[in-house]
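**Student:** sequence first, then the predicted structure:
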Amino acid sequence: MTAKRGEPAEIMKELALFYDDLEQAIKPLLAMHAGRLKCGRGCTSCCVDEITVFQVEAENIGKKHGDLLRKGRPHEPMACAFLDDRGNCRIYESRPYVCRTQGLPLRWIEETVQGRMVEMRDICPLNDTHPPIESLDEEMCWTLGPFEEKLATLQLKLGGWDLKRIALRDLFA
């Protein structure tokens, strides 16, 4: 059984709304952690080669940056393919979900081997300053799950039940 394929143009509009909602949702966290976040132009600690996205985000990047993907060259391996020689993101305005939330204190629930649910937390080491991430209130962290589900729903609308991810480097011709 496959999901009904949606109209790509309509799905891209939904993705744009998703990004708008995401930006609004993270705005309070960015303000709350302004003193701790070292992220900014030229910081590439999180811009690693292993970043993957759903096809819906890959198609969005392709639509908005087709010339770069056809004629440009990816950044040297070990760093994100979309960095330029000075460490700037060449697709910043179209950057995927994972890039938009990097640097924030993250929290998620994970099941242990014993079947127990445990809260996990992580943050970029550059932003791991006082107070310790473990001591932050829940609402001071970006909770992984709800927005990822919305993104997965858009992916399913795009082309069935396939939630396969694509490496950003593989988007280049």
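**Tutor:** Alright, I've got the coordinates.
**Student:** check which helix or strand covers the residue nearest the centre of the chain.
**Tutor:** Nearest to the mean C-alpha position of the chain, by Cα atoms, centre = their mean, lies Val98 at 1.1 Å. Using DSSP states H and E, Val98 sits within helix 97-101.
**Student:** CA atoms of that helix as PDB?
**Tutor:** Only the C-alpha atoms of helix 97-101 are listed here, as PDB (Å, rounded to 0.1, in the frame of the first residue of the first chain):
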ATOM      1  CA  TYR A  97      15.600  21.400   9.000                       C
ATOM      2  CA  VAL A  98      18.600  19.800  10.600                       C
ATOM      3  CA  CYS A  99      20.700  22.900   9.900                       C
ATOM      4  CA  ARG A 100      18.100  25.200  11.300                       C
ATOM      5  CA  THR A 101      18.100  23.600  14.700                       C
END
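**Student:** and the next helix or strand past it?
**Tutor:** strand 106-111.
**Student:** report the buried residues of that following strand.
**Tutor:** Of the residues in strand 106-111, Leu106, Arg107 count as buried by neighbour count, 16 or more other Cβ atoms under 10 Å. Backbone N, C-alpha and C define where each C-beta goes, glycine included.
**Student:** partner strands of that strand, parallel or antiparallel?
**Tutor:** Strand pairing for strand 106-111, determined by DSSP bridges: strand 117-122 (antiparallel), strand 142-143 (parallel).
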